[in-house]
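Asker: Structure, please.
(chains A, B and C)
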Amino acid sequence: MALDSKIPEGPLAEKWTKHKFNMKLVNPANKRKYDIIVVGTGLAGASAAASLGELGYNVKVLCFQDSPRRAHSIAAQGGINAAKNYQNDGDSVFRLFYDTIKGGDYRGREANIHRLAEVSVNIIDQCVAQGVPFAREYGGLLDNRSFGGAQVSRTFYARGQTGQQLLLGAYSALSKQVKKGNVELITRTEMLDLVTIDGQARGIVTRDLQTGEIKSHSAHAVMLASGGYGNVFFLSTNAMGSNVTAAWRAHKKGAFFGNPCYTQIHPTCIPVSGDHQSKLTLMSESLRNDGRIWVPKEAKPGLKAVDAAKIPEEDRDYYLERKYPAFGNLVPRDVASRNAKQMCDEGRGVGNTGLAVFLDFSEAIKRDGYETIKAKYGNLFDMYMQITGDNPYEMPMMIYPAVHYTMGGLWVDYNLMTTIPGCYALGESNFSDHGANRLGASALMQGLADGYFVAPYTVGDYLANMPYDKIPTDHEEFKKAEQAVKERIEKLLSINGTKTVDEYHKELGNIMWEYCGMARNEEGLTKAKGLIKELREDFWKNVKVLGDNDNVNMSLEKAGRVADFLELGELMIDDAQNRKESCGGHFREESQTPEGEALRIDDEYSYVAAWEFMGEELESKLHKEELKFENVKLTQRSYK
Amino acid sequence: MNITLKVWRQNGPKDKGGFETYDVKDVSPDMSFLEMFDVLNIDLEKDGKEGIHFDHDCREGICGMCSMYINGKPHGPKDAVTTCQLHMRSFKDGDTIVVEPWRAAAFPVIKDLMVDRTSFDRIMQAGGYVDVSTGGVPDANEIPIPKVVADEAMDAAQCIGCGACVAACKNASAMLFTSAKVSQLALLPQGQVERKTRVEKMVAQMEEEGFGNCTNTGACSAVCPKEISLEHIARMNREYLSAKVSSTNV
Amino acid sequence: MSWITQTLSSSIGKKVLMALTGLFLILFLVVHLAGNLQLLVDDGGQSFNAYAYKMAHNPFIKVVSYGNFFFILLHAVIGIVLTIKNKAARKVGYHVSTKDSESTWASKNMPLLGVIILVFIVVHLMGFWAKAKLGIGEIGFVIIDGVEMHDLYTVVKTAYENILISGFYVISMIALGFHLSHGFQSAFQSLGLNHKKYTPLFKTVGTLYSYIVCFGFAIIPILMYLGISF
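Answerer: Residues are numbered from 1 along each chain as shown, chains lettered A, B, ... in the order given. So this is what the prediction gives:
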């Protein structure tokens, strides 16, 4: 099967406008004859379900949480980018496009990214109209802040809770449609399989997490907005329930998986405190504006934050300022993360585990005063204090990088359709807009762009060619899928081994972090592949899942998710192994400049790696979508 | 640290339920309260017993999913945090901690410490939105909003919908939750068009769900992890009365 | 008229009725206290009896007093309805009762305090009002400025000389003080009358008011029991 990205012809800036005109439409009276299922209620899912409901489609939307408002988009802190140029600082759609494609280390698709930049302005209008309380200036107009990877102020924000406010906006639009009866909301329910009939996505199979009921839902199109897969690392800034299952099930039914190895490691997270650690907490990137990052010049094992002040200035290594005098502590996320790792690998890490570096505000407090720093970062300092018990006004913070976002995901064409006709992927669950590295404040933008302004248009083009007839859920394909889901659950419950699901998940996470984390090399990846395979085989022989199917069963839910992570982990290794260059979040130790920076190999790897599932225990097949750059010139990123 | 936990166990909505006592050994003060439950659950599962079920997701205090009533206080002894942000250093070695689910007729128990809070969603569906459809909206800067008004609306908008207010209120009233949304949209110019209808519908739905009445004790605001102020309840009362008197909804 | 009944029977509507009736009774208490303080005047009850007579024969006061009874009744009935509904909103209680730093003891025990006050009102009316108005029990007459009137002063004095009665009065007034300490400011909150500038003022005035009313009403039986007058 050849990959067709369906990028419209014509000049970059006109592609989307022309495409919108060329797409087929569904008559308003006929829209209600089509059923669409949306999986997930984060920014992408909630906004898509709401918009589709408004258009008049029959929508079913489901989430595994108790309410759509819990989706992990809610945790995004910093802001959302939009090329509004309200600050008159020279921003434009093209500049946002350019920054995004450069920030993604030239591994993104030009046409998609330009469309993202185009609709970014509509998103802000939409959210303001919904009543999202964005930060304002005294004159009453919208305020902006600047973010990494850009030289203009284009980030809109609502205190440190932008994701929350945007999600609540989308949730309110969704709630309105639920009340009107256009959208059926199904909560505490998980998608466990995608059903395809004659090669088209025609429905899903779900498990009700409260009663264990396995149920089929038939539709004319299925939209996956199920988020990223950072939890394959066990420890990440993702929510505890974030999982790859919906996307993975679609992958196994024929949807190609794009660039699975592209993961973003965020440099400023609170370090792991012990084996009990269940997740990691991110501290906003904005802290790097005033905090100075350092480690001791000589290794000082076990150095505590309380004793940091005893290290004299001349014995400290402000390594980012030393190595990147132009950007200093404000280098992009991937660079900052890799350098922290390097310092710890050299044995110069601090804290009990030696896996942390200092982020020091003492100079900023001396320069600007306690009150100023408190006004800027008070919330973050409080949060740090709650978690660690240390007071960052008196001693430096300790930080360490953590998995934060996955740029990879289901491969989609320009219409956001996967390789399965009728199956779409939106938001973080697709691979499309961030290349090999995502810029800060761009995830919210993409989720809402896909949900409000892209998918609702493009789905019409597909549905216009579909018959109205509904496939009954007693169709043999549904029955087959239900049977497979039931058998898998029974299998998990019947193994009754000795190791808990969490233990497998932690082991998988350790392997992934060690060999497919911030730095990767051939030898490590080969080793990891073997280890994961072993772990997966052991899982299916020795996992212990208690309880039964017909009640809430956390252990069973988790087992299914971890089983999918075990398969995904292997694909990530395959992808990382295949891509022998370094780019963005993917750092291959074999491919670096003499100074130790990421070195792209454009001649060989300027493509999207899309993986096709060939069958259980079979190697996945690689398909390549060549990336064509007609509007930007590829350069090596430099932050010196 | 060693901790004794007295936890409510209830195997499903129809089960009678009761307290079980667990000894948790070698608890690190750096653990979060929920991580202590994780550790306990792994031990329970190893012993062939089902783990304690509780709601949780983001574990950074924003999704509003976690919901434990700890030693007589929703989200535990510390102010302005959710259960997932509570750390074991807030307790002492040898402490006995009693953990119960949120208790309210409108929040039926699902299993152990999990409760059903979909009543909150239905209150929101009754009118917690501005009725604008995607596209066709004015430019974002066409509606200037004074900074103080935007800030006050944001104070209200911070509600995470966890339900601690209901859990703490002696009447299991949902006034703080409902008023936070009513107040946010009543303050903003975008919310003016549906201002009267919104408050009427949301209050009616709130009552239909079986929440109690507000008796102004202030317990809700005191335990709110986002410190939503009682002022919003007063504003909702005002909005409701003026809507009832002046709206044309008969 | 359905919207009116619907409004008043709603959760907020009921609270508004509680607040309005409460505020009326708060005003009534001021007038009542001012009159009662005349019991302490050292004139053998002359000024108090004259005051009582005047009140009983003023048509305006008569109307107000019937309104007063009605409001007390309404306040009590809605209070009971609210309490029943509130109990139903939490069918299964907590093992550990709620601890929070903000809410006062009074605010959490308004129904209990209300019941004590209701019992007090019944006893109070049986003891004094019923005697004068319904002729139940014995009551003497005095002539002041040529007008014959009930000697209510003696009724009160006799009652307060009984330690049980004056003790009951004092305890009831403490309950009333607590009830008012929450009720006063709560009424403004229920009516939606809050303001950054004035709400703290309402709270202070409410607290002062509840102290004054509690102290003022309680000191009368104490002083009369001790036989002190001014």
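Asker: Can you name the residues that contact the residue nearest to residue B:54 when sequence neighbours are not counted?
Answerer: In space, and not counting its chain neighbours, residue B:54 is closest to residue B:113: 4.1 Å by Cβ to Cβ, 6 or more residues apart in numbering or on different chains. For the C-beta atoms, the positions are set from N, CA and C on the backbone; glycine is no exception. The contact partners of residue B:113, by Cβ atoms under 8 Å, 6 or more residues apart in numbering or on different chains, come to B:7, B:8, B:52, B:53, B:54, B:55, B:67, B:68, B:99, B:100, B:101.
Asker: hmm, whatever helix or strand residue C:164 lives in touching chain B?
Answerer: Using DSSP states H and E, residue C:164 sits within helix C:163-190. Yes: Helix C:163-190 reaches chain B (Cβ under 8 Å from any Cβ of the partner chain) through C:182, C:185, C:186, C:188, C:189, C:190.
Asker: In JSON lines: those residues, plus pLDDT and neighbour count.
Answerer: Below are these laid out as JSON lines (pLDDT from 0 to 100; neighbours: other Cβ atoms under 10 Å in any protein chain shown):
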{"residue": "C:182", "pLDDT": "96", "neighbour count": "25"}
{"residue": "C:185", "pLDDT": "94", "neighbour count": "24"}
{"residue": "C:186", "pLDDT": "96", "neighbour count": "25"}
{"residue": "C:188", "pLDDT": "96", "neighbour count": "23"}
{"residue": "C:189", "pLDDT": "96", "neighbour count": "23"}
{"residue": "C:190", "pLDDT": "97", "neighbour count": "27"}
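Asker: Which segments of chain A make up each domain?
Answerer: A:265-404, A:476-602 (automatic domain parsing).
Asker: so who does residue A:325 touch?
Answerer: residue A:640.
Asker: Could I get the buried residue list for stretch A:498-515?
Answerer: Neighbour-count burial for stretch A:498-515 flags A:499-509, A:511-513, A:515 (criterion: 16 or more other Cβ atoms under 10 Å in any protein chain shown).
Asker: Low-confidence regions, chain B specifically.
Answerer: Within chain B, no stretch falls below the threshold (pLDDT under 70).
Asker: could you say which helix or strand contains the residue in it positioned nearest to chain C?
Answerer: Going by Cβ to the nearest Cβ, chain C is nearest to residue B:238 of chain B, at 2.8 Å. Assessed by DSSP H and E, residue B:238 sits inside helix B:231-246.
Asker: That helix vs helix C:163-190, what angle?
Answerer: With axes from the mean of the first three to the mean of the last three Cα atoms, to 10 degrees applied, the angle from helix B:231-246 to helix C:163-190 works out at 80 degrees.
Asker: Show me what helix B:231-246 is packed up against.
Answerer: In terms of contacts (3 or more Cβ pairs under 8 Å, 6 or more residues apart in numbering or on different chains; DSSP states H and E), helix B:231-246 is packed against helix B:175-187, helix B:195-208, helix C:2-9, helix C:11-36, helix C:163-190.
Asker: tell me the angle the top helix by length along chain C makes with helix C:163-190.
Answerer: Counting residues, the longest helix found in chain C (DSSP state H) is helix C:59-88. Interaxial angle of helix C:59-88 relative to helix C:163-190 (the same axes, to 10 degrees): 80 degrees.
Asker: Mind giving me the packing neighbours of the following helix or strand past helix C:59-88?
Answerer: Going down the chain from helix C:59-88, the next helix or strand is helix C:105-108, by DSSP H and E. When contacts are defined as 3+ Cβ pairs under 8 Å, 6+ apart, helix C:105-108 sits against helix C:163-190.
Asker: List the buried residues for the helix or strand following the helix it packs on?
Answerer: As assigned by DSSP H and E, the chain's next helix or strand after helix C:163-190 is helix C:199-226. Neighbour counts over helix C:199-226 (16+ other Cβ under 10 Å) mark C:199, C:202, C:206-207, C:209-210, C:213-214, C:216-218, C:220-221, C:223-225 as buried.
Asker: among the residues you listed, which are in reach of chain B?
Answerer: Contacts with chain B within the buried residues of helix C:199-226, as defined by Cβ under 8 Å from any Cβ: residue C:199.
Asker: Please identify which of the buried residues of helix C:199-226 is nearest to chain B.
Answerer: For the buried residues of helix C:199-226, the nearest to chain B is residue C:199 (7.9 Å; Cβ to the nearest Cβ).
Asker: Pull the contacting residues for the closest one.
Answerer: By Cβ under 8 Å, 6+ apart, the neighbours of residue C:199 are B:231, C:185, C:188.
Asker: Am I right that the second one is in contact with residue C:208?
Answerer: No: under the criterion of Cβ atoms under 8 Å, residue C:185 makes no contact with residue C:208, lying 11.3 Å away.
Asker: Output the below-cut-off pLDDT ranges for the chain.
Answerer: Picking chain A for this. Looking at chain A by pLDDT under 70, you get A:1.
Asker: To clarify, I was referring to chain C.
Answerer: Using pLDDT under 70, chain C drops low at C:1.
Asker: In it, what residue comes closest to chain A?
Answerer: For chain C, Cβ to the nearest Cβ, closest residue to chain A: residue C:101, 18.0 Å.
Asker: For burial, what's the neighbour tally of residue 181?
Answerer: Answering for chain A, as no chain was given. 9 (other Cβ atoms under 10 Å in any protein chain shown).
Asker: actually it's chain B I care about, not the one you picked
Answerer: When neighbours are counted by other Cβ under 10 Å, residue B:181 registers 28.
Asker: same thing with residue C:228?
Answerer: For residue C:228, the neighbour count with other Cβ under 10 Å is 11.
Asker: what helix or strand is it on?
Answerer: Going by DSSP H and E, residue C:228 is not in any helix or strand.
Asker: returning to that earlier point: let's have the domains of chain A in CSV, adding distance to residue A:66.
Answerer: As requested, the domains of chain A are arranged in CSV below (distance: least, Cβ to Cβ, whole Å):
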stretch, distance to residue A:66
domain A:265-404, 19
domain A:476-602, 11
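Asker: Identify whichever of those lies nearest to residue B:90.
Answerer: Nearest of these to residue B:90, taken as Cβ to Cβ: domain A:265-404 at 9.5 Å.
Asker: now that closest one: how far from the chain's centre is it?
Answerer: 24 Å (Cα atoms, centre = their mean, to the nearest Å).
Asker: What is the end-to-end distance of it?
Answerer: Using Cα to Cα, to the nearest Å, one end of domain A:265-404 lies 5 Å from the other.
Asker: what does stretch A:268-282 give?
Answerer: Calculated as Cα to Cα, the first-to-last residue distance of stretch A:268-282 is 6 Å.
Asker: can you count the residues close to the closest residue in space to residue B:234 that isn't next to it in sequence?
Answerer: Among residues not flanking residue B:234 along the chain, residue C:194 sits closest, at 3.7 Å (Cβ to Cβ, 6+ apart). Neighbourhood size, residue C:194 [other Cβ under 10 Å]: 20.
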